[in-house]
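Asks: got a predicted structure plus its sequence, pasted below:
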Amino acid sequence: MILNFFKMNGAGNDFVVIDNRNLDTNLDTDTIAALCDRHRGIGADGLLAVEPAENGADYKFRYYNADGGEAEMCGNGARCFGRFTAHLTDEVKESVTFETIAGTLTAEMVGHDVRIAMSDPFDLEMDTDVKVSGLDSAVHFINTGVPHAVAIVDNLPELDVVHCGAAIRYHDRFAPKGTNANFFQVIAPDHIAIRTYERGVEGETLACGTGMCACALIHHLTTGAPSPIKVDVAGGDTLEIGFVSDGNGGFTDVTLSGPADFVFEGKIDLGE
Ligand SMILES: N[C@@H](CCC[C@H](N)C(=O)O)C(=O)O
């Protein structure tokens, strides 16, 4: 079987994107992992599939990590999905809605950027009491569509993100589903820099959209910084997180704004 795909990236978090509106492509876990393999496949942090909506949105969003496992949401993937689906019809759309496991989201095209109206975060826990070697900071937790542990550090460039990230990702506190692990450093009251270890990639990625939202919200909770908050990511981009805080750990109207770019289009023989 020949698979037509697009390669896209959102701030360096990269994806294989397939149009599966007619549901004729059925990729199993091993095939998705093989497509995402950087040495023997196309290479990507994950795979996005466009499917028909079931509950009245424009499309259904499916997201698979590089290991082939499905995740509820992906912020950078949502921006790429928004850009991709905005170009699926003859008339390029300014705004697209799509169903994810984490709720129905809206993507708005804002020049070169795409802005995602995210689902409301939940399961906030400040200082989970999780301790890992090589990290002196408290580990907080919030689910911004997918689970995120967050630690505030003052040595972000030197931090061993793979070592500390894996220790948190596999910590008993977050079992059995595991968590993504983020580390951020404050640059200015309205500006942070982050690095993320992603579950399902099992390594550091160049950016993580839901992780940026998690860090910006924890930054607000620890310093009172108002919305919007700028976030520098490992890939070099700066993105913006907006939110409304109830002052008590609750958030609504979380938005994630940043780039979403086409890289190339291709065909690959799946040999089936
Ligand atoms: N890259 C993502 C998050 C993708 C899912 C994550 N790895 C998980 O398994 O929870 C983003 O941009 O949000």
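Replies: Cool, got the structure. Numbers count the residues shown, from 1 in each chain.
Asks: up against the ligand, what does the stretch 151-272 of the chain have?
Replies: 180, 198-201, 208-210 (Cβ under 6 Å from any ligand atom). All C-beta spots, glycine's among them, are computed from the backbone N, C-alpha and C.
Asks: any chance of those in JSON lines, plus pLDDT and neighbour count?
Replies: Output for those, formatted as JSON lines (pLDDT from 0 to 100; neighbours: other Cβ atoms under 10 Å):
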{"residue": "Asn180", "pLDDT": "98", "neighbour count": "26"}
{"residue": "Glu198", "pLDDT": "98", "neighbour count": "26"}
{"residue": "Arg199", "pLDDT": "98", "neighbour count": "24"}
{"residue": "Gly200", "pLDDT": "98", "neighbour count": "23"}
{"residue": "Val201", "pLDDT": "98", "neighbour count": "19"}
{"residue": "Cys208", "pLDDT": "98", "neighbour count": "34"}
{"residue": "Gly209", "pLDDT": "98", "neighbour count": "32"}
{"residue": "Thr210", "pLDDT": "98", "neighbour count": "33"}
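Asks: which ones among the residues you listed lie within helices?
Replies: 209-210 (DSSP state H).
Asks: please see if stretch 22-33 touches the ligand.
Replies: No - shown here: stretch 22-33 not in contact with the ligand (Cβ under 6 Å from any ligand atom), separated by at least 13.0 Å.
Asks: which outside residues touch that stretch?
Replies: The contact list for stretch 22-33 (Cβ atoms under 8 Å, 6 or more residues apart in numbering) reads 3, 18, 35, 47, 49, 51-52, 64, 66-69, 270.
Asks: which residues in the stretch 51-200 of the chain form strands?
Replies: Assigned by DSSP state E, counting those that start in this stretch, the strands in the stretch 51-200 of the chain fall at 59-65, 70-71, 95-100, 103-110, 113-117, 122-125, 139-143, 147-152, 180-188, 191-198.
Asks: to Ala214, which of these lies closest?
Replies: Checking the strands of the stretch 51-200 of the chain against Ala214 by Cβ to Cβ gives strand 147-152 as the closest, at 3.6 Å.
Asks: sheet partners, orientation included, of that closest one?
Replies: strand 139-143 (antiparallel), strand 180-188 (parallel) (DSSP bridges).
Asks: so that strand versus strand 191-198, what angle?
Replies: 130 degrees (axes from the mean of the first three to the mean of the last three Cα atoms, to 10 degrees).
Asks: return the set of buried residues in strand 147-152.
Replies: 147-152 (16 or more other Cβ atoms under 10 Å).
Asks: got a list of what the nearest residue to Gly235 once chain neighbours are set aside touches?
Replies: Take Gly235 and drop its neighbours on the chain: the residue closest to it by Cβ to Cβ, 6 or more residues apart in numbering is Gly12, 2.7 Å away. Gly12 makes contact with 205-207, 233-237 under the criterion Cβ under 8 Å, 6+ apart.
Asks: out of the residues you listed, which end up buried?
Replies: 205-207, 233-235, 237.
Asks: would a markdown table of the residues you listed with secondary structure and pLDDT be doable?
Replies: Conversion of the buried ones among the contacts of Gly12 to a markdown table gives the following (DSSP: H, G, I helix; E, B strand; the rest coil; pLDDT from 0 to 100):
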| residue | secondary structure | pLDDT |
| --- | --- | --- |
| Thr205 | strand | 98 |
| Leu206 | coil | 98 |
| Ala207 | coil | 98 |
| Val233 | coil | 98 |
| Ala234 | coil | 98 |
| Gly235 | coil | 98 |
| Asp237 | coil | 98 |
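Asks: out of those residues, which is nearest to Asp160?
Replies: Looking across the buried ones among the contacts of Gly12 and measuring by Cβ to Cβ, the closest to Asp160 is Ala234, at 13.8 Å.
Asks: per-residue pLDDT of the residue nearest to Glu125 when sequence neighbours are not counted, please?
Replies: Using Cβ to Cβ, 6+ apart and skipping residues adjacent in sequence, the residue nearest Glu125 is Phe141, 4.5 Å away. Listed pLDDT for Phe141 reads 98.
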